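sharing a model prediction with you, sequence too.
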Amino acid sequence: MGVVLASSEATRREREADMAGPEHDGIEPRGVRYEQLGRVGHVVLDRREASNAFDLPAARSLGAALDSVAAAAGRGDIGAVLLVGAGARFCAGGDVRSFVAAEDPSAYLRDLAATLEAEIRRLSELALPVVVAVHGSVAGAGLAFLLNADVVVAARSTRFTMAYPGIGLTPDCGVSYLLPRAVGQQRALDFAMTGRVLSADEAAQWGLVTRVVADETVTREALAVSESLADAAVGALGQAKRLIRSSWETTRAESAADEVETIASAVTSPEAQERIERFVTR
């Protein structure tokens, strides 16, 4: 299941060149690209030959794509982000072959895990709604994209697995921190330790995804959600996202105080003033 965006091949190449940035350690970032369609910024995982698994260059190109998202958001060009995977699978996690081939696998994997976690975490920190559309399979670190997104739309045939135990490794990219918060501790332990594969319907029942749709409509429906969010009160949505996500780290009293100050500030914003005026005069 691929992803088709409305831009010419020449424009796509220009955008990829723009977002590539400087080389690091002689390795050019590649594997993730950014496109804008209307008010929605698209982040596309595009290492389809490797099931969109992440090596170090791909992790760095995710950072470059998110830099483009931040720049577009700062200009007010976009109001939501949609993240998708090109090819047959959404994301296979880390690219095992890349760290096996490294001269120092431990050092390489440390760098890859740290880099990828920091970049994926930026999705949860964006002051914009983030929608993820998944299909095919989601494994290992690929789960972190779901856990850092705000709305997850899954094709019905999608399968979800931790994958780490199968190669003798442990969770990374914040999965061990975020997964029990999403599905509960005991389900997270079951999922992490037994090699269990979840269907999309099971993932929805657990709270790992928010919507399950027909395979052939997943990208279209995720885009519709993204466009709806992009046309909403983006500032208010960003603050709601921040309040909910930060509540894990604060006391009830601290969270309540934050809510009070946030809503008091929001009511004077142009965004709120326009909508309040429409509401009271309808």
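The structure has been received and is ready for your questions.

what's the burial count for the nearest residue to Ser51 once chain neighbours are set aside?
Excluding the flanking residues, the one nearest Ser51 by C-beta to C-beta, 6 or more residues apart in numbering is Ala92, at 3.8 Å. Where you see a C-beta, it was placed from the backbone N, CA and C, and this is true even at glycine. The number of residues packed around Ala92, counting by other C-beta atoms under 10 Å, is 24.

and for the one 4 residues further on?
The tally of other residues near Val96 (other C-beta under 10 Å) stands at 17.

give the contact list for it.
Residues near Val96 by C-beta atoms under 8 Å, 6 or more residues apart in numbering: 53, 167.

list the contacts for the nearest residue to Gly142 once chain neighbours are set aside?
Of all residues not flanking Gly142 in the chain, Cys91 sits nearest, at 3.2 Å (C-beta to C-beta, 6+ apart). Taking C-beta under 8 Å, 6+ apart, we find Cys91 in contact with 45, 51-54, 85, 134, 138-139, 141-142, 145.

from those residues, which ones fall inside helices?
Counting by DSSP state H, these place 142, 145 in helices.

any chance of the contacts of Cys91 in JSON lines, plus pLDDT, neighbour count and distance to Leu178?
As requested, the contacts of Cys91 are exported to JSON lines (pLDDT from 0 to 100; neighbours: other C-beta atoms under 10 Å; distance: C-beta to C-beta, whole Å):
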{"residue": "Leu45", "pLDDT": "98", "neighbour count": "28", "distance to Leu178": "19"}
{"residue": "Ser51", "pLDDT": "96", "neighbour count": "20", "distance to Leu178": "22"}
{"residue": "Asn52", "pLDDT": "97", "neighbour count": "28", "distance to Leu178": "20"}
{"residue": "Ala53", "pLDDT": "97", "neighbour count": "23", "distance to Leu178": "20"}
{"residue": "Phe54", "pLDDT": "97", "neighbour count": "31", "distance to Leu178": "17"}
{"residue": "Gly85", "pLDDT": "97", "neighbour count": "30", "distance to Leu178": "19"}
{"residue": "Val134", "pLDDT": "98", "neighbour count": "30", "distance to Leu178": "16"}
{"residue": "Val138", "pLDDT": "98", "neighbour count": "32", "distance to Leu178": "14"}
{"residue": "Ala139", "pLDDT": "97", "neighbour count": "23", "distance to Leu178": "16"}
{"residue": "Ala141", "pLDDT": "97", "neighbour count": "27", "distance to Leu178": "12"}
{"residue": "Gly142", "pLDDT": "97", "neighbour count": "28", "distance to Leu178": "13"}
{"residue": "Phe145", "pLDDT": "98", "neighbour count": "23", "distance to Leu178": "11"}
